[in-house]
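J.: just coords:
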């Protein structure tokens, strides 16, 4: 994880030390909630004096509020617009109050991020959309999205990756990076939310030749069931047919070269632009010429490119995090076995 110089200096200018500024950047970017244990884990300190000085500074400056939980435990909500403005995240919804489930999810996310600071995270919606659409050439229409109604009547806005679960490159994937998706289970009773999440991502997953996914949870109860559900849904996802993709590219390319622009709509032009980059190789050009000249049938072209397409490789893993569960669950009384 790389902290930009401007964000670091902006936080330092608000009166925070180097460790405090780095921790605040991570919290503001990934969770907005934290516990003192997580701060001590990040700094490597064992004394409560350091965490107390930090939290009292936050509260005194009005940059955070404290919430008292079980066993006198506290979590802190980073809500100040000054903090989010300092890291270029002023419009994040993290500044609002949230449900208990949301808070628990964010604490679990922070645990995961703190344990994997060497990963390269996609920190904003814009970074994620740009990676999949610009770098990978994937249509924006298959990204997981949610439509929101605006203040103006009939005006809507599409937002992408609204779950904000960690999306990242593992450190060992620097030469040939493969993005890793995730889902965070803060202690859910069923896998209903996980299934809904997978269905929202199914089309995007099917478009990727390499799919890496990690199920992050505060308990291992659902690990095996989650793995089976993941494999079931991703295997039945509507895979993009490479043969049909190539044939569509040939058809649109022929219209473009014939200057029959009126027969191309906006979706066609967007697809043609992506496909021109994707199929920029000698074999495709040879087969296109043969197809145009009638020396290769559409069925032959489809069959050949289906055979050439690499099969999808899928990697599913699980990770257990603390998630500060002790702050939310009452202690379970030990059963008495009576006198010996």
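T.: Noted; the coordinates are in hand. Everything quoted here is computed from the prediction, not taken from an experiment.

J.: what's the mean pLDDT across stretch 123-136?
T.: Stretch 123-136 shows a mean pLDDT of 93.

J.: what does it contact?
T.: 29-30, 89, 122, 138-140, 143, 159-161, 167, 179, 204, 208 (Cβ atoms under 8 Å, 6 or more residues apart in numbering). The C-beta positions use only the backbone N, C-alpha and C, and glycine is treated the same way.

J.: and for stretch 282-289?
T.: Applying Cβ under 8 Å, 6+ apart, the external contacts of stretch 282-289 come out as 246, 250, 253, 296, 301, 304.

J.: out of the contacts of stretch 123-136, who's nearest residue 77?
T.: residue 30 (13.8 Å; Cβ to Cβ).

J.: would you agree that closest one is in contact with residue 107?
T.: No - applying Cβ atoms under 8 Å as the test, residue 30 and residue 107 come out as separate, 10.5 Å apart.

J.: more neighbours: the two, which one.
T.: Neighbour totals were compared for residue 30 and residue 107, and residue 107 leads with 26 against 22 (other Cβ atoms under 10 Å).

J.: next, find the distance separating that one from residue 75.
T.: Shown here: residue 107 relative to residue 75, a distance of 7 Å by Cβ to Cβ, to the nearest Å.

J.: residue 328 too?
T.: From residue 328 to residue 75 the distance is 9 Å (Cβ to Cβ).

J.: any residues in contact with both of those two?
T.: Common neighbours of residue 328 and residue 75 (Cβ under 8 Å, 6+ apart) are residue 69.

J.: got the contact list for the residue nearest the centre of the chain?
T.: Nearest to the geometric centre of the chain sits residue 167, at 3.4 Å (Cα atoms, centre = their mean). With contact set as Cβ under 8 Å, 6+ apart, residue 167 has these partners: 121, 122, 128, 161, 179, 180, 181, 182.

J.: which of these fall within strands?
T.: Among these, the members falling in strands (DSSP state E) are 121, 179, 180, 181, 182.

J.: between these, which is nearest residue 262?
T.: Distances from residue 262 to the ones in strands among the contacts of residue 167, taken by Cβ to Cβ, are shortest for residue 179, at 38.5 Å.
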